[in-house]
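>>> need a structure here:
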Amino acid sequence: GFRGGGGGYRDRGPQWPEGVPTRGIVITMREEFGFLRVPGVSDDVFFHISEVAADDADSGAVGRGAEVAFTPKQGRGRASDKMVAGDLQVLPKGSVKFSELLPALRTGVVKSLPNGFREELPDAAAD
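Residues are numbered from 1 along each chain as shown. Coordinates of the predicted model:
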């Protein structure tokens with residue numbers, strides 16, 4: 001099956017192997033381009049309408065909320081340092097799954113924060 005890649009791309013270079021198929025949801029759509037939210041990827045992923053299957057582009061099926069399969073590929077021009085989405089195909093609703101947080105009480109100590117998290121941890125020795 002398709003799975004999201006890891007990490008984002010902004011100023012860090014590609015984090016996915018190029019050409020590995022994955023899925024995402026269109027979160028922004030303009031006339032000729034848009035951005036995808038991808039499970040497991042911190043930054044939104046750019047796509048150009050020319051990368052959308054002709055039937056999907058002509059029918060207007062690619063809009064905000066559309067679920068798509070795509071192939072990550074190296075960007076060109078100003079986006080040459082990033083991965084972009086290519087070969088987009090619209091999927092049926094419910095095809096893209098994001099992790100769900102299950103309601104449960106967890107105890108423990110946070111030793112490190114995810115990339116991009118800017119809060120500082122309190123000093124554990126102060127307790």
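
>>> the helices in this structure, which residues?
54-59 (DSSP state H).

>>> Show me where it has its strands.
22-29, 33-37, 45-48, 67-74, 83-91 (DSSP state E).

>>> quick one, the second one and strand 22-29 angle?
Going by axes from the mean of the first three to the mean of the last three Cα atoms, to 10 degrees, strand 33-37 is angled at 130 degrees with respect to strand 22-29.

>>> Could I get the CA-only coordinates of strand 33-37 as CSV?
The C-alpha coordinates for strand 33-37 follow below in CSV (Å, rounded to 0.1, in the frame of the first residue of the first chain):
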residue,chain,number,x,y,z
PHE,A,33,-1.1,24.7,-8.7
GLY,A,34,-1.9,23.5,-5.2
PHE,A,35,-0.5,21.9,-2.0
LEU,A,36,-1.0,18.6,-0.4
ARG,A,37,-1.0,17.5,3.3
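
>>> center of this structure - which residue?
Val38 (2.4 Å; Cα atoms, centre = their mean).

>>> Figure out which of the strands of the chain is closest to Ala61.
Closest approach to Ala61 among those (Cβ to Cβ): strand 83-91, 4.6 Å. (Each C-beta comes from the backbone N, C-alpha and C, glycine too.)

>>> Now stretch 76-91 - C-alpha only, CSV.
C-alpha atoms of stretch 76-91 as CSV (Å, rounded to 0.1, in the frame of the first residue of the first chain):
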residue,chain,number,x,y,z
ARG,A,76,12.7,22.1,-11.1
GLY,A,77,13.7,25.7,-11.3
ARG,A,78,13.1,27.6,-8.0
ALA,A,79,11.9,24.3,-6.4
SER,A,80,15.0,22.3,-7.4
ASP,A,81,16.0,21.8,-3.7
LYS,A,82,12.6,20.2,-2.8
MET,A,83,10.5,17.2,-3.7
VAL,A,84,7.2,18.0,-5.4
ALA,A,85,4.2,15.8,-6.2
GLY,A,86,4.0,14.3,-9.7
ASP,A,87,1.6,12.0,-11.5
LEU,A,88,-1.5,12.8,-9.3
GLN,A,89,-4.6,10.6,-9.5
VAL,A,90,-7.7,11.3,-7.5
LEU,A,91,-8.7,8.5,-5.1
